[in-house]
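A.B. asks: build me a model:
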Amino acid sequence: MRSPATSRCASERERPLGSELDPQLLRGGFRIGFLILAVALVTLPFQPRDSAEFVVTVLAAIVGAAFVLGIALVARSASPPIPDDKPSRKD
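C.D. replies: Coordinates of the predicted model:
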């Protein structure tokens with residue numbers, strides 16, 4: 001007897017990453033990522049450059065930006081392609 005992971009058909013395995021994700025989940029991910037990024041960027045000017053807090057704040061900003069970028073890529077791969085509004089010209 002095959003396990004559920006190996007009995008999937010090829011079309012299910014070829015689906016883009018995030019194709020079954022709920023849009024509310026993606027929206028929540030964006031909000032969390034932007035919150036981390038915004039708080040880090042707002043507090044960054046108030047940190048002394050030679051302190052550990054500055055390093056932690058910079059790392060938090062990088063993690064927030066990477067999280068937003070990752071969610072954007074997943075959302076982009078999960079959305080259907082944008083249709084072309086212009087009719088093709090045939091000479």
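
A.B. asks: could you use CA atoms for every contact and neighbour count after this?
C.D. replies: Will do.

A.B. asks: tell me which residues in the helix or strand where V74 lies are buried?
C.D. replies: Using DSSP states H and E, V74 maps to helix 52-78. The neighbour-count check on helix 52-78 (16 or more other C-alpha atoms under 10 Å) flags 54, 57-58, 60-65, 67-68, 71-72, 74-75, 78 as buried.

A.B. asks: again with stretch 39-47
C.D. replies: In stretch 39-47, counting by 16+ other C-alpha under 10 Å, buried: 40-41, 44.

A.B. asks: out of the residues you listed, which comes closest to E20?
C.D. replies: For these, the closest approach to E20 (C-alpha to C-alpha) belongs to A40, at 31.3 Å.

A.B. asks: F30 and P81: what is the separation?
C.D. replies: 21 Å (C-alpha to C-alpha, to the nearest Å).
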